[in-house]
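Participant: quick one: sequence plus predicted model below, questions after.
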Amino acid sequence: MVIRKAFLVLLLIQGTELPAQLSRRADSLVYALSVAREDSVRMRLNIQIADELIFSNPDTAEFYIKCGLTYAKSVTNRRLAAKAYNLLGISESFGGKKRSALKYFLQSYQFFEETGDKAGYSDCINNMGTIYSEMGRDSLAIKHFKEACSLKMQLGDAKNSAVGLFNIASCFTSLNETDSALNYLAKLAELQEEASVVFIDPTPLLAEIFLKKGNYFDALTFYTRFYRTSASSRDAHVRQNTLLGMSRANIGLKNFTEAKLILDEVLHESIREGFHENRLAVYELLSIVYSAKGQYPEAFSHQKKFLSLKDSLESISEASEMFELSARYESAKHEKELIGKDLIISEQEAQRKAFAYSAGIGFAALLSITILVVAFLLKNRHQNRLLNARNNEIILQRQKIISSLNYARKIQSSILAPEEQIRRHFPDSFIYFKPKDIVSGDFYWFAELGDMLMISTIDCTGHGVPGAFMSLIANAKLNMVVREKRILDPGTILNEVHKEIVQALNQQKGNTGSQDGMDMSLCLIGRNERKIWYAGAQNSIILVHGDALEEIKADNMSIGGSAFEACRIKNDQLFTTREMSYEAGTFLFMYTDGYLDQFGGEAARKFNKGRFRKLILEITSKGISQAKEHIEEQFEAWKRHQPQVDDILIIGARL
């Protein structure tokens, strides 16, 4: 997360050295520039100065970049223009202007490609991957990083191949694909061992992986180690992001006072240096700290600052500029075409009727046509401006909605147990969680109850925002029944949760308006006895031992909903508990119906239970460590161009 972003930004301009005597070298270049007379020399020196200052003083660097770019354009030096646009992209990324940064990187890529500079355009591909990663589009970022890394390996560039491997591992970490991340870190370690050089220190990324796994003590240890040995002596951006990682670890350890001291330091420096993304992170973390300490007015104030700054960074100014430029270009192009056609027609008409009409009448006709064309174009321009204004309003509203939904996703994610907590008990396990929208109606629940473990998959009515609301209610009711009422029998738990949902949503007898509820599978696992106590509301579970697959069916009832409540009262239906023994090495799979209901294939049919059983057997035969990647590959191959129809949740574990 924070550390990943910092190192990707740091490595945007690959191959750039950061010598200890940076300011002295920059000063000598500035002096050389002051006495240079030839444009080609001044152009080269401007770019070199910008290269030196891009991390320590990006604003000053931008001035020199633009000067160098002016000279490069005047002498048509595409190679230096490519470097200048690359540096501009880095400068824009530091200011949080991601769209603008992408635009400059793309321009740089085109120039490098024209000059046949494979090293240059592979840098640009990496840089675009970095921006996509900063935008949260990590799958697209991985694609760019892999392409850039492959090119670097072809060029025999071990240093920047190491950068590529690190970047890929970083994105997999962001996607919570920690096994894949560690796989690429292992490749990085192998490459650096062969080269006998440490090109890039993986310590901060390892710290982030520990942070994601909820191992806050080890995360803080690695962050602190890196800060003391490397980060404190590097540029401000790296130092700030390392401190942000330390603050997150301290928050996880409930060291709120220490976290606040660190955040205050980062806030002051990020404002001074103009690092808006870091200031954004500080506001968010301070909101969490104040909330944890019960200082809710301060928490609310910093949350407002976070949302306000986020909106400003995601503002539509760049999009509006692009829309305006596009509209101007299309309008000018259209105007030129129409006027050109009219001139040709007028000339032909004048020649054909030269003896019949006077020059004055021909000129009047031409003038009339031109006036009509200009009037038509002016009307179109006015309509374009109106459309652009309305389009900008829509974009702004959409960005505000997405900002709110992303914040809601963080709140919803906080109710989920860290995957590492489950892996402490089931080392061979995975959680494949793929919401249809930003927030989800599917979620999982896990509890340690003495020497027993309880795990549940829940599929709430709908998806997106309605489903997310239901998931928060369901989580609260499940916690109440198990943790407060101390009920451990799965069937009884489902019955009690149903009653709580009916009461919470006013679904009692006589009220037939609300059918909201959920499907659920819940297992109580006694590893000492090697027994499972299971109850299900529509959601079955699967047990696999060797080649034998057994589906344990659920009760044909859902939790909640006035229709089911009326039926339950009439027929006195209750959820039942099924007790079963298992052998060591048995696999347990729990899932919601999203994967099975996905349309795809040549006939656009549902994936269905038969294909799902086959997929489960493939997973157990190939090894559960690659389960998530295999499930994702099968899903994308099946879905093709069909949209995802529902939230997806699959949990697998070797008992």
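Facilitator: Sure, I can see it. Numbering: from 1, shown residues only.
Participant: phi and psi next, for residue 652.
Facilitator: Per-residue torsions, residue 652: phi -130, psi 140 (degrees, to the nearest 10).
Participant: now it. Nearest residue, chain neighbours left out?
Facilitator: Leaving aside its chain neighbours, residue 652 sits nearest to residue 589 (4.9 Å; criterion: Cβ to Cβ, 6 or more residues apart in numbering). The way it works is simple: take the backbone N, C-alpha and C, and place the C-beta from them, glycine included.
Participant: what separation do you get for the residue nearest the centre of the chain and residue 290?
Facilitator: By Cα atoms, centre = their mean, the chain has its centre lying nearest to residue 136, at 2.1 Å. Separation of residue 136 from residue 290 (Cβ to Cβ, to the nearest Å): 25 Å.
Participant: ok, residue 105 next?
Facilitator: With Cβ to Cβ as the criterion, residue 105 and residue 290 are 38 Å apart.
Participant: neighbour count: those two, which is higher?
Facilitator: Applying other Cβ atoms under 10 Å to residue 105 and residue 290 shows that residue 105 carries more neighbours, namely 28 against 20.
Participant: need the pLDDT of the more buried one.
Facilitator: Residue 105 carries a pLDDT score of 84 in this model.
Participant: could you point out which element follows the particular helix or strand that has residue 107 in it?
Facilitator: Taking DSSP states H and E as the criterion, residue 107 maps to helix 98-114. Counting by DSSP H and E, the element after helix 98-114 in chain order, helix or strand, is helix 118-134.
Participant: pull the number of nearby residues for the nearest residue to residue 154 once chain neighbours are set aside.
Facilitator: Spatial nearest neighbour of residue 154, chain neighbours left out: residue 118 (7.8 Å); criterion: Cβ to Cβ, 6+ apart. The number of residues packed near residue 118 is 15, by other Cβ under 10 Å.
Participant: likewise residue 583?
Facilitator: So residue 583, with other Cβ under 10 Å, has 10 neighbours.
Participant: for it, what are its contacts?
Facilitator: 530, 545 (Cβ atoms under 8 Å, 6 or more residues apart in numbering).
Participant: recalculate using a threshold of 6 Å.
Facilitator: Counting by Cβ atoms under 6 Å, 6 or more residues apart in numbering, residue 583 touches residue 545.
Participant: confirm that it sits in a strand.
Facilitator: No: Residue 583: not assigned to a strand; according to DSSP: H, G, I helix; E, B strand; the rest coil it is coil.
Participant: state the phi and psi torsions of it.
Facilitator: phi -90, psi 160.
Participant: cool, the one 4 residues further on as well?
Facilitator: In this entry, residue 587 is assigned phi and psi values of phi -100, psi 140 (degrees, to the nearest 10).
Participant: pretty sure it is touching residue 620, no?
Facilitator: Yes: using Cβ atoms under 6 Å, residue 587 is in contact with residue 620, at 5.2 Å.
Participant: okay, now the unreliable bits of the stretch 101-250 of the chain?
Facilitator: For the stretch 101-250 of the chain, applying pLDDT under 70 flags the ranges 231-235.
Participant: all helices for it, in order.
Facilitator: Shown for the stretch 101-250 of the chain, the helices assigned by DSSP state H, counting those that start in this stretch span residues 118-134, 138-154, 158-174, 178-195, 203-212, 216-229, 236-252.
Participant: next, the angle from the first one to helix 158-174.
Facilitator: If you take axes from the mean of the first three to the mean of the last three Cα atoms, to 10 degrees, helix 118-134 sits at 20 degrees to helix 158-174.
Participant: check which residues of helix 118-134 are buried.
Facilitator: Neighbour-count burial for helix 118-134 flags 120-134 (criterion: 16 or more other Cβ atoms under 10 Å).
Participant: and what of the fourth one?
Facilitator: Using 16+ other Cβ under 10 Å as the test for burial, helix 178-195 gives 178, 180, 181, 182, 183, 184, 185, 187, 188, 191, 192.
Participant: elements contacting that helix?
Facilitator: helix 158-174 (3 or more Cβ pairs under 6 Å, 6 or more residues apart in numbering; DSSP states H and E).
Participant: okay, the helix it packs on in CSV with CA atoms only?
Facilitator: What follows is helix 158-174 as a C-alpha-only set of coordinates in CSV (Å, rounded to 0.1, in the frame of the first residue of the first chain):
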residue,chain,number,x,y,z
ALA,A,158,19.8,-6.9,-14.4
LYS,A,159,19.2,-3.8,-12.3
ASN,A,160,16.0,-2.8,-13.9
SER,A,161,14.8,-6.4,-14.3
ALA,A,162,15.1,-6.4,-10.5
VAL,A,163,13.0,-3.3,-10.4
GLY,A,164,10.3,-5.0,-12.5
LEU,A,165,10.2,-8.1,-10.3
PHE,A,166,9.9,-5.9,-7.3
ASN,A,167,7.0,-3.9,-8.9
ILE,A,168,5.1,-7.1,-9.8
ALA,A,169,5.5,-8.4,-6.3
SER,A,170,4.2,-5.0,-5.0
CYS,A,171,1.1,-5.2,-7.0
PHE,A,172,0.3,-8.8,-6.0
THR,A,173,0.7,-7.6,-2.4
SER,A,174,-1.8,-4.9,-3.1
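Participant: can you list the buried residues in it?
Facilitator: Neighbour-count burial for helix 158-174 flags 158, 160-174 (criterion: 16+ other Cβ under 10 Å).
Participant: let me know the closest of the residues you listed to residue 605.
Facilitator: Set against residue 605, the nearest of those by Cβ to Cβ is residue 172 (32.0 Å).
Participant: quick check: the closest one touching residue 178?
Facilitator: No: contact criterion Cβ under 6 Å: residue 172 and residue 178 do not qualify, at 7.4 Å.
Participant: now residue 207: how far from residue 282?
Facilitator: According to Cβ to Cβ, residue 207 stands 18 Å off from residue 282.
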